[in-house]
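> pasted the sequence and its predicted model underneath.
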Amino acid sequence: MLEIFQQTISTPITFEGIGLHTGKKTKITIHRGLENQGIVFRRTDIKKNNLVYAKYDKVSSAKLCTTLENSFGVQVSTVEHLLAALYFSNIDNVLIEINNSEVPIMDGSAKEFLNVLKKTPKFKQSTKRKYLKIIEKFEYADGQKKMSIEPYSNSLEVNFKLNYKNKIIGKQSNSINLNNCNIKEITESRTFCLYEDIEKIKKIGLAKGGSLENAIVVDDEKVLNKGGLRNKKEFVNHKILDLVGDFLLSGFRIIGKINCDQGGHKLTNMFLRKLMNSKSSFEILEHKNVIISKKISPKNSIGMAVNA
């Protein structure tokens, strides 16, 4: 069922953890947001020009994670799992205070974020939510990596194919309708890497906070994590989780069918940039129905500049 009005949270919630790539301890506090604000990060360790908007055209890097950057060079990285949790929680507008440059990785999935968000009271706002509805098929390819989106019913469907030489990961695929699926298998699926790639990743200054507590590590023909996998398709399911978070950077809930083959953060961002410039491929719609909404008192909202 499509929500009619925008939503935010009613009370602040806080998470603490380590950054996957920086290795630094980070604290984030999610506050209620203003109508039409969207998702905005505020770096509390920086005094000026510290707002970073969660938009596809603010992505400055997609190497092993999604990094956002404002026009003053202020960054927030590894945002994708938190964004996916906000998507599955039906949250449109929040201000996220963060005291470092990277969102904590938690257990490597969206599980911990979502568990708390699900228990947090929501407020329906007075402004209607806008949806991006695909009306014409759009395709993009980067070598062997391909993505397309096409018209679909009143929901979002994702078809994802994964192909690794490693025998444990191998070829995996999954097809889910985000309005009618077991989201637990998606939201609890963890990030992963090959054991043989760990040193290469660390040599470029990443994965300083990586461990078996926040990532699946695959060595030849076995999973090194105690307890193994959480579900049979955890690898491809995590890729779907990343895609959902990255697609929220469009600024809309999308109605359409996404087909992705060998995708990742870079492909998704390049796809979004080109899609948003293809005006004939979509239309922006408001929900036609009307219901009574709860309004948020202005005194409960956190003031913020809109020009950062």
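Done, it's in.

> which residues does stretch 185-200 contact?
20, 81, 84-85, 88, 105, 107-111, 114, 166, 169, 176, 201, 207, 210, 214-220, 224, 230-231, 233-235, 237-238, 240-241, 244 (Cβ atoms under 8 Å, 6 or more residues apart in numbering). Yep, even glycine has a C-beta here, placed from its N, CA and C like the rest.

> report the buried members of the residues you listed.
20, 81, 84-85, 88, 105, 107-111, 114, 169, 176, 201, 207, 210, 214-218, 230, 233-235, 237-238, 240-241, 244 (16 or more other Cβ atoms under 10 Å).

> any idea of the mean pLDDT in stretch 221-241?
Averaged across stretch 221-241, pLDDT comes to 96.

> kindly report the same for stretch 265-284.
What stretch 265-284 shows for mean pLDDT is 97.

> from the chain's centroid, how far away is stretch 25-45?
Relative to its parent chain, stretch 25-45 has a centroid offset of 15 Å by Cα atoms, centre = their mean, to the nearest Å.

> okay, buried residues for that stretch please.
Across stretch 25-45, burial judged by 16+ other Cβ under 10 Å covers 26, 28-35, 37-43.

> inside strands: which ones of the residues you listed?
With DSSP state E as the criterion, strands contain 26, 28, 29, 30, 31, 32, 39, 40, 41, 42, 43 from among those.

> surely residue 169 and residue 218 touch.
Yes: between residue 169 and residue 218 there is a contact under Cβ atoms under 8 Å: 6.3 Å.

> who's in contact with stretch 130-140?
By Cβ under 8 Å, 6+ apart, the surrounding residues in contact with stretch 130-140 are 2, 146-152, 250, 252-257, 267, 270-271, 274-275, 278, 280-287.

> and the residue nearest the centre of the chain, helix, strand or coil?
The centre of the chain sits closest to residue 245, judged by Cα atoms, centre = their mean, with a distance of 1.7 Å. Secondary structure for residue 245, judged by DSSP: H, G, I helix; E, B strand; the rest coil, is helix.

> right, and it touches residue 81 too?
Yes: at 6.1 Å, residue 245 and residue 81 qualify as touching, with contact defined as Cβ under 8 Å.

> common neighbours of these two, please.
Counting by Cβ under 8 Å, 6+ apart, the contacts common to residue 245 and residue 81 are residue 110.

> kindly state the pLDDT recorded for residue 33?
pLDDT, residue 33: 98.

> ok, the one 4 residues further on next?
You'll see residue 37 listed with a pLDDT of 97.

> apart from its neighbours in sequence, what residue is nearest it?
Leaving aside its sequence neighbours, residue 37 sits nearest to residue 93 (Cβ to Cβ, 6 or more residues apart in numbering; 4.6 Å).
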